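Undergrad: Sequence plus the predicted model coming up.
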Amino acid sequence: MSSAADTQLSAALGTCTKGKKGSKFMSKKPTYVLGINAYDHDVSACLLRDGAIAVAIHKERITRKKHDSGFYQSVVDYCLAAEHIRLEDVDLVVRNCYVLPVEDLEVRMVSQDVPEVMDDKERMQAAKHPWYLGNSSKLVTVSHHLAHAYSAFAACPFDEGVVMVVDGVGNYSADVRENGTFADVDPLARESESYYRFEGSRIEILKKIWLEPVRGFLSDEFYYMPGLGALYSRVSSYIFADWNKCGEVMGLAPYGRPHAIKPLLEMKDGELSVPEWGVDFNRPWLVDREPNWENSPSMQHWQDLAWRVQHDTENVLLERAIWLRQTTGAKNLCMAGGVALNCVANGRIVREAGFENVWIQPAAGDDGIAIGCAYYGHLAIQKNRRSFAMDHAYLGVDYTPENLRAAADRKVVRLQTNSRHSENICRETAKLLSEGNVFGWFQGCSEFGPRALGNRSILADPRAVEMKDRLNQRVKHRQAFRPFAPIVLAERAKEIFEGDEDSPFMLVAKGVRPAWRDRIPAIVHVDGTARVQTVRREHNQRLHALLSEFETITGVPVLLNTSFNVKGEPIVETPDDAIKCFLATGIDYLVLHDVLLAKKPFHKVLAPTVAAYSDIATIVRAALTTEIRH
């Protein structure tokens with residue numbers, strides 16, 4: 001993060017409205033537990049205050065670097081500043097890194113240069129931090145899948161049930177500390193799937209599926225290992241040259257031809273079989289050779305492969321979930337791990353696995369590990385009882401009107417925009433949306449997890465079929481096949497979408513009822529489904545009011561919702577981030593709480609100059625960084 005960005009965020013956190021210490025409502029000193037997902041991708045932190053989540057943040061939102069790794073000081077500082085406390089006020093710190101236990105990894109980093117994990121700047125930062133290489137009873141490490149499991153059951157609304165954890169790769173068997181017996185497991189095997197039963201604050205392991213070590217010069221890459229999440233990441237890497245584009249694989253899958261490619265995953269007598277990845281797969285996307293992905297002659301092959309891996313993954317997950325219910329008799333299922341972000345598979349589990357209730361951690365990926373670490377500390381170490389249920393994911397700081405005014409009053413912003421206070425921002429926004437305008441919508445606390453759930457969102461009218469292409473081309477700058485999600489009033493959802501269950505975290509795909517497909521075409525995927533977010537007044541009063549106003553004008557209680565960012569960038573966190581994205585894209589209006597910003601005609605003149613200056617500054621910073629490193 002640049003020094004200017006550091007200053008802006010520090011100033012904002014200094015005046016944020018979340019968790020003011022010393023409030024008259026706090027009669028005693030709270031107990032604080034901090035959970036950290038450390039060092040590798042998706043570094044994050046979650047701070048508990050007396051067992052409830054006070055604040056949580058993903059490092060990428062601060063540094064503006066997607067899936068950022070490295071040292072965790074920025075996320076810790078964010079949490080402490082939001083709560084107005086110091087390091088010494090934290091009673092317990094629980095950490096995880098799926099590569100190695102944190103204390104072991106830190107010792108290795110003393111003598112090993114791995115810039116992907118920690119660059120030179122962060123090495124110097126870490127060396128000054130009291131928790132780095134710390135030997136303290138305050139610092140605890142928990143293993144990866146157990147942290148995922150705690151992130152799910154400890155925050156769910158059920159007293160008892162089962163937990164399903166499936167991801168790409170977890171810790172080595174040698175580093176897993178759970179009550180199960182793993183004596184016959186190769187110490188170098190890695191966690192792939194874990195299944196648990198819980199009651200109250202207690203949890204027990206039922207079964208683990210391991211990724212056995214593989215031979216070959218790429219054996220250190222988990223996606224060459226024969227596992228469920230690992231295979232999905234392998235397909236992602238093959239199609240998109242990035243192991244972490246699994247959401248894009250899911251979106252591409254409906255374009256494929258059923259059964260055009262032989263099975264990639266098979267279940268035989270309850271055991272998972274992963275056939276050899278053979279020479280048939282000889283058309284990976286190699287960016288240097290074929291820079292234009294969308295015009296590649298391999299497109300049909302990639303679509304067919306996406307269909308196959310999605311189909312096989314759904315079937316395996318569904319069989320696992322049914323086994324879990326039949327084995328335990330449980331009525332309630334909780335899910336976490338990166339594979340739990342597959343909303344199409346989740347929809348099938350909800351509809352077909354036979355559980356009465358299914359709850360999916362909104363930060364199901366590795367950012368949510370921070371929540372699990374914190375609750376492991378609160379429940380397993382401090383021996384507290386469960387007393388918290390996570391009914392929303394708005395866990396960032398709430399920026400004050402002063403923060404918003406400071407961002408909007410910058411000279412370069414005033415030259416390009418008009419801003420004014422709105423007496424009824426929901427009604428005014430709904431009217432402008434109904435006229436075809438695209439909005440950046442910045443409200444309250446940022447969402448924790450990968451989904452924009454209406455506080456850091458780009459919103460549009462779903463009634464125009466051309467809106468999807470307009471957003472992809474003018475705003476998001478991403479591939480045309482990728483769908484957009486709807487937000488809908490929860491009380492109207494089953495009239496428009498199939499299924500009775502709520503989907504507050506946009507993690508369940510539902511069929512769009514035929515009578516509505518032509519009314520809201522911009523959010524209907526090619527297979528007739530949508531990744532739905534249901535909105536209740538008690539969870540997001542302002543978003544609910546906006547949907548109600550839009551329904552009053554149009555008769556449609558649905559809006560198109562996509563994350564407030566452009567391709568390759570994290571979702572915006574601060575008012576400054578929101579304004580930069582607004583000015584750099586085809587978004588028509590920006591809402592910052594009750595402030596409405598519109599672009600002046602002069603914006604078209606000034607914007608290219610500002611963009612060019614920013615590009616040059618970025619290039620110069622990168623060149624200087626390279627020069628310093630060498």
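TA: Arrived safely, thanks for sending.
Undergrad: any low-confidence regions in the protein?
TA: Counting by pLDDT under 70, the chain has low-confidence residues at 1-27, 218-220, 607-630.
Undergrad: longest helix of it?
TA: Longest helix in the chain by number of residues (criterion: DSSP state H): helix 299-328.
Undergrad: helices or strands next to that helix in the packing?
TA: In terms of contacts (3 or more CB pairs under 8 Å, 6 or more residues apart in numbering; DSSP states H and E), helix 299-328 is packed against strand 160-166, strand 190-199, strand 202-211, helix 228-240, helix 246-252, strand 266-268, strand 332-336, helix 343-352. Glycine gets a C-beta too; all of them are placed from N, C-alpha and C.
Undergrad: could you give the angle of it to strand 190-199?
TA: Counting by axes from the mean of the first three to the mean of the last three CA atoms, to 10 degrees, helix 299-328 points 40 degrees away from the direction of strand 190-199.
Undergrad: Buried residues in helix 299-328, which are they?
TA: Across helix 299-328, burial judged by 16 or more other CB atoms under 10 Å covers 299, 301-318, 320-321, 323-325, 328.
Undergrad: dump the residue contacts of the residue nearest to the spatial centre of the chain.
TA: Among the residues of the chain, the smallest C-alpha distance to the mean C-alpha position (CA atoms, centre = their mean) belongs to residue 450, namely 1.9 Å. Residue 450 makes contact with 341, 363, 365, 367, according to CB atoms under 8 Å, 6 or more residues apart in numbering.
Undergrad: out of those, which are buried?
TA: 341, 363, 365, 367.
Undergrad: Pull the contacting residues for the first one.
TA: Right, residue 341. With the criterion set at CB under 8 Å, 6+ apart, residue 341 makes contact with 246-247, 364-365, 450, 507.
Undergrad: nearest residue to residue 180 other than its sequence neighbours?
TA: For residue 180, the nearest residue in space outside its immediate sequence neighbours is residue 205; the separation is 4.1 Å by CB to CB, 6 or more residues apart in numbering.
Undergrad: right, and out of the buried ones among the contacts of residue 450, which lies closest to residue 161?
TA: Each of the buried ones among the contacts of residue 450 was scored against residue 161 by CB to CB, and residue 363 proved nearest at 19.0 Å.
Undergrad: buried stuff in stretch 377-393?
TA: Neighbour counts over stretch 377-393 (16+ other CB under 10 Å) mark 377-380, 384, 386, 388, 390, 392-393 as buried.
Undergrad: Among those residues, give me the pair with the biggest separation.
TA: Pairwise distances across the buried residues of stretch 377-393 peak at 24.9 Å for 380 and 392 (criterion: CB to CB).
Undergrad: rewinding a little: format the contacts of residue 450 as TSV; extra columns: distance to residue 252 and secondary structure.
TA: Listed next are these as TSV, based on distance: CB to CB, whole Å; DSSP: H, G, I helix; E, B strand; the rest coil:
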residue	distance to residue 252	secondary structure
341	15	helix
363	24	coil
365	19	coil
367	24	helix
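Undergrad: Keeping just the C-alphas, turn stretch 308-318 into PDB.
TA: What follows is the C-alpha trace of stretch 308-318 in PDB, where atoms were taken according to Å, rounded to 0.1, in the frame of the first residue of the first chain:
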ATOM      1  CA  ARG A 308     -17.600 -31.900 -17.100                       C
ATOM      2  CA  VAL A 309     -15.800 -30.800 -14.000                       C
ATOM      3  CA  GLN A 310     -18.900 -28.900 -12.700                       C
ATOM      4  CA  HIS A 311     -21.100 -31.900 -13.300                       C
ATOM      5  CA  ASP A 312     -18.800 -34.300 -11.600                       C
ATOM      6  CA  THR A 313     -18.100 -32.000  -8.700                       C
ATOM      7  CA  GLU A 314     -21.900 -31.600  -8.100                       C
ATOM      8  CA  ASN A 315     -22.400 -35.300  -8.100                       C
ATOM      9  CA  VAL A 316     -19.500 -36.000  -5.700                       C
ATOM     10  CA  LEU A 317     -20.600 -33.300  -3.300                       C
ATOM     11  CA  LEU A 318     -24.200 -34.400  -3.300                       C
END
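Undergrad: Pull the distance from it to the chain's centre.
TA: Between the centre of stretch 308-318 and the centre of its host chain there is 22 Å, according to CA atoms, centre = their mean, to the nearest Å.
Undergrad: and for it, what are the contacting residues?
TA: Stretch 308-318 has contacts (CB under 8 Å, 6+ apart) with 164, 166, 228, 231-232, 235, 249-250, 253, 256, 258-267, 272, 339, 342, 344-345, 348-349, 352-353.
Undergrad: try it again with 7 Å
TA: Stretch 308-318 has contacts (CB atoms under 7 Å, 6 or more residues apart in numbering) with 166, 228, 231-232, 235, 249-250, 253, 256, 261, 263-265, 267, 272, 342, 344-345, 348-349, 352-353.
Undergrad: from those residues, which would you call buried?
TA: Those of those that meet the buried threshold are 166, 228, 231-232, 235, 249-250, 253, 256, 261, 264-265, 272, 342, 344-345, 348-349, 353, by 16+ other CB under 10 Å.
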